[in-house]
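Visitor: this one's sequence-less:
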């Protein structure tokens, strides 16, 4: 069966219109979503923590041109070096500290602004916001330094985040996205910095 040139042209035109339609930009109304991926520690935090697991859940409000997102975050990373390096007046030496074990759990709640960069089915976007984070470190160091055995440290601090994402679909049914964001939390003595790289969906 031969294809009629007019039918092919009409089909191509519909596809182009669909890919550039503002309807797919940021659906108005309330939506929900979730994501999961790898958390990559940075800076001083990255010197002590391994790449870990991260999960997010959120509720969003779309206006048609931008979105607002309220989000909950959880992440866990195992330790391969010390995160707590000072106890009182005792500072951990940089070498020969013995075996380090433990983990870092972090939960956060943030308010974020989402700005689509194009009005199409495939939508790059910018996201960023501020929030409150609670970090719990459980650390143990073998060897002869008694002050650094079985340590626990919990801090609750403000932080900010910002990054980029790429969303697909969303005109009919859920949309899917890939996202990477930089987070920086005002813990002491050093800030806790990390970059979650996630895949997720929203509906």
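Guide: Done, it's in. None of these values were measured; they are calculated from a predicted model.
Visitor: just the helices in the protein please.
Guide: 5-19, 43-48 (DSSP state H).
Visitor: tell me where this structure is predicted with low confidence.
Guide: Across the chain, the ranges flagged by pLDDT under 70 are 1-27, 95-96, 144, 170-173.
Visitor: now do 80
Guide: 1-28, 64, 93-98, 119, 143-145, 170-173 (pLDDT under 80).
Visitor: list the contacts of residue 110.
Guide: 70, 71, 73, 129, 130, 131, 132, 159, 161 (CB atoms under 8 Å, 6 or more residues apart in numbering). C-betas here are computed from N, CA, C, even on glycine.
Visitor: now that we have these, which of them are buried?
Guide: Using 16 or more other CB atoms under 10 Å as the burial test, these include 71, 73, 129, 131, 159, 161 as buried.
Visitor: so what pairs up with the third one in the strands?
Guide: If I follow you right, that is residue 129. residue 112, residue 161 (DSSP bridges).
Visitor: quick one: residues contacting it.
Guide: 69, 71, 110, 111, 112, 113, 160, 161, 162.
Visitor: pretty sure residue 126 contacts residue 164?
Guide: Yes: using CB atoms under 8 Å, residue 126 is in contact with residue 164, at 6.1 Å.
Visitor: which residues sit in contact with residue 39?
Guide: Residue 39 touches 51, 52, 53, 54, 75, 77, 194, 195, 196, 197, counting by CB under 8 Å, 6+ apart.
Visitor: of these, buried ones?
Guide: 52, 54, 75, 77, 194, 195, 196, 197.
Visitor: residue ranges for the strands of the protein, please.
Guide: Using DSSP state E, the strands found in the chain span residues 29-42, 52-62, 67-78, 86-87, 90-91, 100-116, 122-141, 151-169, 175-185, 192-202.
Visitor: before we move on, back to that, identify the farthest-apart pair in the contacts of residue 129.
Guide: 69 and 160 (14.3 Å; CB to CB).
Visitor: so residue 176 makes contact with residue 165?
Guide: No: Residue 176 is beyond contact range of residue 165, at 10.6 Å (criterion: CB under 8 Å).
Visitor: okay, the two: which has more neighbours?
Guide: residue 165 (20 against 16; other CB atoms under 10 Å).
Visitor: spit out the contact partners of the closest residue to the more buried one other than its chain neighbours.
Guide: Among residues not flanking residue 165 along the chain, residue 179 sits closest, at 3.6 Å (CB to CB, 6 or more residues apart in numbering). Applying CB under 8 Å, 6+ apart to residue 179 gives the contacts 35, 127, 163, 164, 165, 166, 196, 197, 198, 199, 200.
Visitor: roughly how far apart are residue 179 and residue 36?
Guide: Distance, residue 179 to residue 36, by CB to CB, to the nearest Å: 11 Å.
Visitor: joint contacts of those two?
Guide: Listed as contacting both residue 179 and residue 36 by CB under 8 Å, 6+ apart are 198, 199, 200.
Visitor: need the contact list for residue 81.
Guide: So residue 81 contacts 47, 48, 100 (CB under 8 Å, 6+ apart).
Visitor: how close does it get to residue 139?
Guide: From residue 81 to residue 139 the distance is 10 Å (CB to CB).
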